[in-house]
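Engineer: No sequence on hand, only this structure:
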Ligand code: PBG
């Protein structure tokens with residue numbers, strides 16, 4: 001007759017320990033308390049990992065919410081400086097500035113990008129004057145300044161590579177002369193990193209860094225960003241597939257990264273982020289260079305939308321997905337949620 005065990009659960013006793021290391025080894029011992037999990041964590045997330053992208057708009061006292069990015073605003077310059085001060089106080093090392101350009105200032109060739117008095121240059125000067133210790137990153141690309149919303153010079157429906165590079169070099173120089181620390185070419189023209197490096201060096205700006213958007217995919221996850229900078233309407237139904245990468249490819253991403261590093265990129269970027277963690281991992285392993293991930297607008301808005309509906313716990317999925325970037329090998333993460341993440345990490 002089997003013994004009546006009542007509520008007692010059966011327990012494995014391992015008479016001869018025949019299979020593997022269990023039960024001598026129990027992975028759960030390292031997970032049994034918060035202090036223990038903290039001790040054995042392989043990756044850590046902190047304010048120093050973040051670059052906070054911010055949108056700047058003309059005017060004074062202006063904060064314009066971006067409807068497709070809940071919690072994100074376009075700020076006029078003096079309010080932008082306040083945001084950057086908050087980022088500094090939270091321990092974030094750098095911000096990335098993006099302009100919303102008055103549609104009246106947009107042209108077919110985007111000449112306003114070269115005006116040292118444009119909104120992005122004014123924002124750079126104001127931030128660096130108030131907070132010289134903060135890193136300032138700026139895109140080099142023409143899309144906020146062109147009537148067609150493409151990143152380059154367009155003739156007969158084609159985006160011209162070499163003519164565009166010529167303009168991007170000047171845009172980079174103007175932004176560095178306004179005080180930008182890190183030039184981030186996001187246009188995906190071939191050869192722009194080397195040309196920008198030469199231009200900056202010839203102008204005596206050898207300390208200005210280049211963060212190359214090297215593996216930048218033609219992605220629909222950029223939709224909300226294009227609302228924020230006001231290029232969505234201009235772009236219309238057109239796409240950027242003749243210069244941004246095909247989401248089907250990773251070998252090509254490695255060739256792009258190799259080329260940009262050879263041309264003088266100090267840091268490389270993979271963009272978008274969460275759907276491309278495999279690319280981040282391969283890039284980090286292959287090159288060992290500072291690797292930056294862009295947690296793009298659509299990734300941010302997806303979590304926000306699900307959180308607002310109560311379908312996901314926003315705070316938890318945010319920290320989990322930011323940690324995923326670290327696990328994949330990213331050294332820094334551009335994320336619109338940088339300040340939220342800092343607040344959550346400070347509480348934890
Ligand atoms: C502009 C640029 C884009 C983003 C950063 N710089 C959009 C695009 O290439 O169309 C996307 C950022 C985001 O979605 O958060 N060249």
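Structural biologist: Received it, and whenever you're ready, just let me know what you need. Bear in mind that the values here come from a model prediction, so they are computed numbers and not experimental data.
Engineer: Could you tell me which residues of the stretch 51-200 of the chain lie near the ligand?
Structural biologist: Residues of the stretch 51-200 of the chain lying close to the ligand by CB under 6 Å from any ligand atom are 139, 141, 143, 151, 186. C-betas here are computed from N, CA, C, even on glycine.
Engineer: Which of those residues sits closest to residue 267?
Structural biologist: residue 186 (13.1 Å; CB to CB).
Engineer: OK, contacts around that closest one?
Structural biologist: Going by CB atoms under 8 Å, 6 or more residues apart in numbering, residue 186 touches 139-141, 151, 213, 216, 271.
Engineer: what about the helices in the stretch 101-250 of the chain?
Structural biologist: In the stretch 101-250 of the chain, the segments counted as helices under DSSP state H, counting those that start in this stretch are 119-130, 161-178, 192-202, 223-229, 232-235.
Engineer: For those helices, give me a markdown table that also has mean pLDDT and mean neighbour count.
Structural biologist: What follows is the helices of the stretch 101-250 of the chain, written out as a markdown table (pLDDT from 0 to 100; neighbours: other CB atoms under 10 Å):
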| stretch | mean pLDDT | mean neighbour count |
| --- | --- | --- |
| helix 119-130 | 98 | 21 |
| helix 161-178 | 98 | 21 |
| helix 192-202 | 98 | 20 |
| helix 223-229 | 95 | 22 |
| helix 232-235 | 90 | 16 |
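Engineer: Tell me if I am right that residue 52 is in a helix.
Structural biologist: No. If the criterion is DSSP: H, G, I helix; E, B strand; the rest coil, then residue 52 is strand and not within a helix.
Engineer: Show me the beta-bridge partners of it.
Structural biologist: The residues paired with residue 52 through beta bridges, assigned by DSSP bridges, are residue 95.
Engineer: how about the strands in this protein?
Structural biologist: For the chain, strands defined by DSSP state E occupy the ranges 50-56, 63-65, 73-75, 94-99, 135-140, 153-155, 158-160, 182-185, 209-216, 267-271, 291-295, 332-335.
Engineer: Let me know which of the ones you listed is tucked in deepest.
Structural biologist: Greatest average neighbour count among those goes to strand 291-295 (a mean of 28), per mean count of other CB atoms under 10 Å.
Engineer: Quick one: residues contacting the closest residue to residue 123 other than its chain neighbours.
Structural biologist: Nearest in space to residue 123, with sequence neighbours left out and distances taken as CB to CB, 6 or more residues apart in numbering, is residue 56 at 4.3 Å. With CB under 8 Å, 6+ apart as the criterion, the residues that contact residue 56 are 74-77, 80, 97-100, 119-120, 123.
Engineer: Now for the contacts of residue 186: which two are most distant?
Structural biologist: Distance extremes for the contacts of residue 186: the farthest pair is 140 and 271 at 14.3 Å, using CB to CB.
Engineer: Need the contact partners of stretch 70-85.
Structural biologist: Here stretch 70-85 has contacts from 52, 54-66, 95, 97, 100, 119, 122-123, 126-127, 130-131, 134, 228, 300-301, 304-305, 308, 336, 340, using CB under 8 Å, 6+ apart.
Engineer: just for the protein, where's the confidence low?
Structural biologist: Counting by pLDDT under 70, the ranges of the chain that qualify are 1-6, 12-19.
Engineer: can you do 90?
Structural biologist: In the predicted model of the chain, residues 1-24, 233-234, 348 satisfy pLDDT under 90.
Engineer: Contact partners for the one residue sitting closest to the centre of the chain?
Structural biologist: In the chain, the C-alpha closest to the average C-alpha coordinate belongs to residue 294, at a distance of 2.4 Å (CA atoms, centre = their mean). Residues near residue 294 by CB under 8 Å, 6+ apart: 213, 269-273, 333-334.
Engineer: where's the residue nearest to residue 198 when sequence neighbours are not counted relative to the ligand, distance?
Structural biologist: Distances taken as CB to CB, 6+ apart place residue 169 nearest to residue 198, at 7.8 Å, with adjacent residues excluded. Distance of residue 169 to the ligand, given as CB to the nearest ligand atom, to the nearest Å: 16 Å.
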